[in-house]
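Undergrad: Provided below are the primary sequence and the corresponding predicted coordinates.
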Amino acid sequence: MHLAGLVTQVATPVVDLRIWGVRSVTGALGRMAYGGVGLRRLPGLRFGKLMGTGSARTFTPRDADPRHWALLTVWPDIDAADAAGSSRFIRSWSEASHEELTVRLRPLSSRGRWAGREPFGIGAGRNAAHPGPVAVVTRARLRPTRALSFWRAVPPVVAELGGAPGLRLALGIGEAPVGLQGTFSIWDSATALTDFAYRSTAHRQAIRDTVPKHWYAEELFARFAVLELAGRYQGRTP
């Protein structure tokens with residue numbers, strides 16, 4: 001999918017998040033099996049992860065949505081990102097889907113690592129401001145010995161998130177149903193995001209508990225400016 005008409009002055013890197021609603025779960029599983037090969041053939045790709053999605057209600061396999069799959073890609077510039085949209089690899093997913101949402105993003109801040117890497121640049125755009133909609137990607141590698149403690153903390157946070165003012169979209173993303181998990185969310189503004197993150201009781205408590213309870217072996221939190229939205233997820237455009 002070619003996304004045109006973007007603001008000309010866009011800092012690199014360029015990040016695309018695609019979500020496909022597939023017609024065939026079996027076909028999607030087959031494409032997932034060879035996803036690594038397809039990603040390696042995309043010219044200019046700096047970082048890419050093909051992932052499952054879910055409701056993010058419990059962060060267990062019960063959340064899994066086998067009808068929706070996601071691809072996160074990081075590119076050096078808009079030209080490389082646009083060219084990838086017409087690649088055989090991405091077209092194979094698009095052609096097998098009944099709906100597709102593509103979100104183009106610019107990193108505003110990022111801390112932590114993903115599989116040992118800093119995918120959005122070291123200190124990318126740190127503390128940069130953005131007046132429009134923002135998105136957040138979180139990703140964590142859960143310590144197996146701390147999983148039960150983590151799962152007990154999830155329901156109150158999810159309950160608050162569901163009613164958060166300014167939330168446009170929230171879903172779980174991850175390379176595996178258990179252990180490697182994350183979230184993707186879109187908000188009306190940075191203010192709406194900050195209000196939820198630091199004023200909701202359960203979320204504040206979860207932030208305080210992260211270090212002393214040793215939930216994660218690795219974690220990442222990244223905030224983005226939403227530059228473009230195209231398509232639908234679950235029948236609507238966020």
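TA: Yes, it's here. Residues are numbered from 1 along each chain as shown.

Undergrad: Let me see the contact set for the nearest residue to residue 83 once chain neighbours are set aside.
TA: In space, and not counting its chain neighbours, residue 83 is closest to residue 43: 7.0 Å by C-beta to C-beta, 6 or more residues apart in numbering. Quick note: C-beta positions are derived from backbone N, CA and C, even for glycine. Counting by C-beta atoms under 8 Å, 6 or more residues apart in numbering, residue 43 touches 80, 83, 84.

Undergrad: Return, as residue ranges, the portions of the protein with sub-threshold pLDDT.
TA: Along the chain, the parts satisfying pLDDT under 70 run over 1-12, 56-60, 122-128, 155, 177-179, 200-213.

Undergrad: partners of the residue nearest the centre of it in the sheet?
TA: The centroid of the chain falls nearest to residue 184 when counting by C-alpha atoms, centre = their mean (3.8 Å). Counting by DSSP bridges, residue 184 is bridged to residue 137, residue 171.

Undergrad: Kindly provide the distance from it to residue 86.
TA: 24 Å (C-beta to C-beta, to the nearest Å).

Undergrad: Equivalent analysis for residue 71, please.
TA: 15 Å.

Undergrad: can you pick the most crowded of the contacts of residue 43?
TA: When the contacts of residue 43 are compared by neighbour count (other C-beta atoms under 10 Å), residue 84 ends up highest, at 22 neighbours.

Undergrad: Tell me who's in contact with that residue.
TA: 16, 42, 43, 44, 45, 73, 75, 90.

Undergrad: For the residues you listed, work out which two are farthest apart.
TA: Largest separation among the contacts of residue 84 by C-beta to C-beta: 16 and 43, giving 14.5 Å.

Undergrad: With respect to residue 227, which of the contacts of residue 84 is nearest?
TA: residue 16 (9.9 Å).

Undergrad: Show me what the helix or strand the closest one falls within packs onto, helices and strands only.
TA: Assigned by DSSP states H and E, residue 16 belongs to strand 14-22. Strand 14-22 is packed against strand 64-75, helix 78-84, helix 88-95, strand 97-112, with contacts defined by 3 or more C-beta pairs under 8 Å, 6 or more residues apart in numbering; DSSP states H and E.
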